[in-house]
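>>> Predicted model and sequence follow; I will ask about them next.
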Amino acid sequence: MPELPEVETFKRYLESTSLHQRIRSVEVRDAYVLKRVSTRELARRLKGRRFENSYRHGKHLFVRADDELWLRLHFGMTGSLDYVNHDEVAPKTARVVFRFADNCRLVFDDQRKFGEIELIKDVDEFLQTRGLGPDALGISLSQFKAILGKHRGAVKAILLNQQLIAGIGNLYADEILFRAHVHPSTDAARLSDKDLARLFRAMRHVLEKAIALKTDFNRLPKSWLLPHRGKRGRCPRCGRALKSATIGGRTAWFCVHCQKRI
Ligand SMILES: [Zn+2]
């Protein structure tokens, strides 16, 4: 499921391939991913315009086509972007295809169709309406402490709550907690100032490193939890078997030896 680092990688990909080209047509192959916009309206409003720049907040990507026209992309479980040359065939699971003047295409690909495409007028207004918290890479240590200090409950559930901090999903939350030596079900209220600072540094490091590696899981450091996460996985630090539990409605993987409950 695309989280902040994946969406940031899509943003950079889109910016390096698809900006400033006239949109010739928009082909919707599966309207299921369209939210509050019809196939016809999406095509009509984007035709002849150009994607000028983009902005990411949490797991949402916003692409500006005009002062009051933004395309919002959310990648759901399996969404991704592909830029396809004029002589290449779009993938079978392409849901929406933006065709440019030179016949190259930007494809919104989404096998499981939990992704979302919408047209909005104003990014800030959207973020407010959704009640999204600040972006995980946009907050300072003091903001981070204030957010976690105000909320009780399992620290992992707080990291996953998009209304508190936007961008972290199940996989990177596990990695962040592993790096910070914090057990996922630790009550956030019990974390000391020092624990919070360690957790904050781990969050930044994990997200930034994943972006730098273009979220290629094969290139993640072997010292990370993610390459070992799952059944029969062993802790890369101490070699003991990893454990799992449902926390905040999601499956957490962790090492009970290296991540003590505080
Ligand atoms: Zn361990």
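Noted; the coordinates are in hand.

>>> and R261, what pLDDT?
pLDDT, R261: 86.

>>> what's the spacing between the nearest residue to it once chain neighbours are set aside and A173?
Nearest residue to R261 in three dimensions, chain neighbours excluded: H183, at 4.1 Å (CB to CB, 6 or more residues apart in numbering). Heads up, the C-betas are built off the backbone N, CA and C, glycines and all. Separation of H183 from A173 (CB to CB, to the nearest Å) stands at 12 Å.

>>> Which residue of the two possesses the greater neighbour count?
Remark: of H183 and A173, A173 carries more neighbours, 24 against 21, as counted by other CB atoms under 10 Å.

>>> Now that one: closest residue in space, sequence neighbours ignored.
L159 (4.6 Å).

>>> Same question for R152.
Once flanking residues are discounted, R152 sits nearest to A189: 4.8 Å by CB to CB, 6+ apart.

>>> Quick one: name the residues of this structure near the ion.
Counting by CB under 5 Å from the ion, the chain comes close to the ion at C235, R237, C238, C255, H257, C258.

>>> Taking these, tell me the two that lie furthest apart.
Pairwise distances across the residues of the chain next to the ion peak at 8.3 Å for R237 and H257 (criterion: CB to CB).

>>> list residues touching both of those two?
Listed as contacting both R237 and H257 by CB atoms under 8 Å, 6 or more residues apart in numbering is no residue at all.

>>> returning to what we had before: the residue nearest to R152 and the ion: what is the separation?
Distance of A189 to the ion, computed by CB to the ion, to the nearest Å: 25 Å.

>>> got it, and T246?
T246 is 20 Å from the ion, by CB to the ion.

>>> my guess is that residue contacts A252, does it?
Yes: at 7.4 Å, T246 and A252 qualify as touching, with contact defined as CB atoms under 8 Å.

>>> can I get the CA coordinates of the helix or strand hosting A146 in CSV?
Taking DSSP states H and E as the criterion, A146 maps to helix 141-149. Provided in CSV are the C-alpha atoms of helix 141-149 (Å, rounded to 0.1, in the frame of the first residue of the first chain):
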residue,chain,number,x,y,z
LEU,A,141,10.3,17.7,16.9
SER,A,142,8.2,20.0,19.1
GLN,A,143,5.1,19.6,16.9
PHE,A,144,5.7,15.8,17.0
LYS,A,145,6.0,15.8,20.8
ALA,A,146,2.8,17.9,21.1
ILE,A,147,0.8,15.6,18.9
LEU,A,148,1.9,12.4,20.7
GLY,A,149,1.8,14.0,24.1
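
>>> And it, what's buried?
Buried residues in helix 141-149, counting neighbours by 16 or more other CB atoms under 10 Å, are found at F144, K145, I147, L148.

>>> ok, residues contacting that helix?
By CB under 8 Å, 6+ apart, helix 141-149 touches 133-134, 139, 155, 158, 164-165, 188-189, 191, 193, 196-197, 199-200, 203.

>>> Just flag the most distant two among the buried residues of helix 141-149.
It's K145 and I147 that sit farthest apart of the buried residues of helix 141-149, by CB to CB, at 7.4 Å.

>>> Where does pLDDT dip in the stretch 101-250 of the chain?
Along the stretch 101-250 of the chain, segments meeting pLDDT under 70 are nowhere present.
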